[in-house]
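1. Pasting the sequence and the predicted coordinates here, then a few questions.
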Amino acid sequence: MTGLLIIDKPQGMTSHDVVRRVRRLLHTRRVGHAGTLDPMATGVLQVAVGEATRLVEFLMGGEKSYRAVLKLGESTDTQDAEGTVLERRPLGDLDRQTIEAACLPLTGCIRQRPPMYSALKRNGVPLYTLARQGIEVERDERQVQINRLQVLEVQLPLVTLEVDCTKGTYIRTLAHDLGEALGCGAHLTALRRTRSGPFTAGESVALAQLEAEAPAQPPLIPLREALRGFPVLRLNVEAVGRLRNGIPPTVAQLEGELPEAGAVVLLLTGEELRAVARYAPLREEETRGDFVLLRVFHPPDA
């Protein structure tokens, strides 16, 4: 059993809880997820099954979209509603125009300091474990890209935002930073991921529905479709033979438009994924082929 499930993660479960449920449902240990959601959050969670677990690193790189609700005037230790309120401040004369103006500096390429209540590790220990012990450590800021930060609704003290961003963005921290920019503090009260890479909430299946209706024939997305959006090249018979021996193809053995050097591409026979590779023309470290093989798949009939 191989493919990708698009799960609508329910509130109150960790991403690993979902993985454990899918493992029991499908009777396989080869299950993993691509992109953690906090327990408070709901929405699109990509769950890889079988051979699709080898594609997780490629699935995680896509842009994410969120709908977030934050409460102004209160800061918490976790930067969300599950934490302890640390400070309350008056809102002053806030209006929608002021909030939208404060969003502008938080759009584009910005730097975030990851929260202490996160799964990042220090010397092998998750930061949230240290935070629960009252220990705070230095965290390096990291660069993220906020492609869109739109105010949808203002009903003070609540503000609803839509966010398009790169992987690794903490929406909790974005809410916290917006509150600090407004001078009143803020924390996240609700979060829903509406898109992960090319997959939207409209394509997702509720975990309860999956358990009730489709344990025998789950709605698995094939490997090739799971990587929709990547450039595609098709192999001729000679190239397929080379792949069986772990040898990357040459450009002459492929059909399709070549991408830029360094791009990750899908190598197909028909619509079946045979390999994920990096285009590396004239590479110096090896004279065989024009690609670096990243993942190779051997269909049962190969």
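-> Arrived safely.
2. low-scoring stretches of the stretch 151-300 of the chain, by residue?
-> Applying pLDDT under 70 to the stretch 151-300 of the chain picks out residues 214-216, 283-288, 299-300.
3. switch the cut-off to 90
-> The model of the stretch 151-300 of the chain has pLDDT under 90 over residues 168, 207-219, 229, 238-254, 256-257, 259, 261-262, 270-271, 280-291, 298-300.
4. Which stretches in it count as strands?
-> Per DSSP state E, counting those that start in this stretch, the stretch 151-300 of the chain carries strands over the ranges 158-165, 186-196, 199-200, 205-206, 232-235, 254-255, 264-269, 272-279, 291-296.
5. Show me what the longest one is packed against.
-> Which is strand 186-196. Applying 3 or more CB pairs under 8 Å, 6 or more residues apart in numbering; DSSP states H and E, one finds that strand 186-196 contacts strand 42-49, strand 64-72, strand 74-76, helix 171-182. Where C-beta positions appear, they are placed from N, C-alpha and C, glycine not excepted.
6. Deepest in the core, which of the ones you listed is it.
-> For the helices and strands packed on strand 186-196, the largest average neighbour count (mean count of other CB atoms under 10 Å) is found in strand 42-49, namely a mean of 25.
7. For the residue positioned nearest the centre of the chain, which residues are in contact?
-> For the chain, residue 35 is the residue whose C-alpha lies nearest the centre (CA atoms, centre = their mean; 3.7 Å). The contact partners of residue 35, taken as CB atoms under 8 Å, 6 or more residues apart in numbering, are 15, 45, 46, 59, 60, 64, 167, 196.
8. Format these as CSV; extra columns: distance to residue 116.
-> Listed next are these as CSV, based on distance: CB to CB, whole Å:
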residue, distance to residue 116
15, 19
45, 24
46, 27
59, 28
60, 23
64, 22
167, 20
196, 25
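9. Of those residues, which is the nearest to residue 139?
-> Closest approach between the contacts of residue 35 and residue 139, by CB to CB: residue 167, at 17.5 Å.
10. So what does that closest one look like in phi/psi?
-> When read as degrees, to the nearest 10, the backbone of residue 167 gives phi -60, psi 150.
11. List the residues that contact it.
-> Applying CB under 8 Å, 6+ apart, one finds that residue 167 lies in contact with 35, 60, 61, 62, 64.
12. Return the member of these nearest to residue 210.
-> The nearest member of the contacts of residue 167 to residue 210, counting by CB to CB, is residue 35 at 18.4 Å.
13. still on that earlier bit, now, among the contacts of residue 35, which is nearest to residue 101?
-> Closest to residue 101, out of all of these and judged by CB to CB, is residue 64, at 24.6 Å.
14. tell me the domain boundaries of the protein?
-> For the chain, the domain assignment from automatic domain parsing gives the residue ranges 3-62+198-223, 68-152+165-191, 230-296.
15. which SS state does residue 24 fall under?
-> Look at residue 24: counting by DSSP: H, G, I helix; E, B strand; the rest coil, its state is helix.
16. returning to what we had before: restricted to strands, list the contacts of residue 167.
-> Within the contacts of residue 167, residues falling in strands by DSSP state E are residue 64.
17. Take the contacts of residue 167 and write them to TSV, including distance to residue 106 and pLDDT.
-> As requested, the contacts of residue 167 are exported to TSV (distance: CB to CB, whole Å; pLDDT from 0 to 100):
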residue	distance to residue 106	pLDDT
35	21	84
60	23	89
61	22	84
62	21	86
64	16	95
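18. Same list as before, the helices and strands packed on strand 186-196 that is, but in a markdown table and with distance to residue 26 included.
-> Converted to a markdown table, these look like this (distance: least, CB to CB, whole Å):
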| stretch | distance to residue 26 |
| --- | --- |
| strand 42-49 | 6 |
| strand 64-72 | 25 |
| strand 74-76 | 37 |
| helix 171-182 | 30 |
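19. Which one, of the ones you listed, ends up nearest to residue 22?
-> Of all the helices and strands packed on strand 186-196, it is strand 42-49 that lies closest to residue 22, at 5.6 Å by CB to CB.
20. partners of the closest one, with directions?
-> strand 3-9 (antiparallel), strand 31-34 (antiparallel), strand 186-196 (parallel) (DSSP bridges).
21. Just give me the closest of the contacts of residue 35 to residue 76.
-> Set against residue 76, the nearest of the contacts of residue 35 by CB to CB is residue 15 (21.6 Å).
22. correct me, but the closest one touches residue 44?
-> No - in this structure, residue 15 is not within contact of residue 44 by CB atoms under 8 Å, at 11.3 Å.
23. Now do the shared contacts for those two.
-> Contacts common to residue 15 and residue 44, judged by CB under 8 Å, 6+ apart, are residue 9.
24. sorry, back to before: looking at the strands paired with strand 42-49, spot the one closest to residue 133.
-> So among the strands paired with strand 42-49, strand 186-196 is nearest, using CB to CB, at 21.5 Å.
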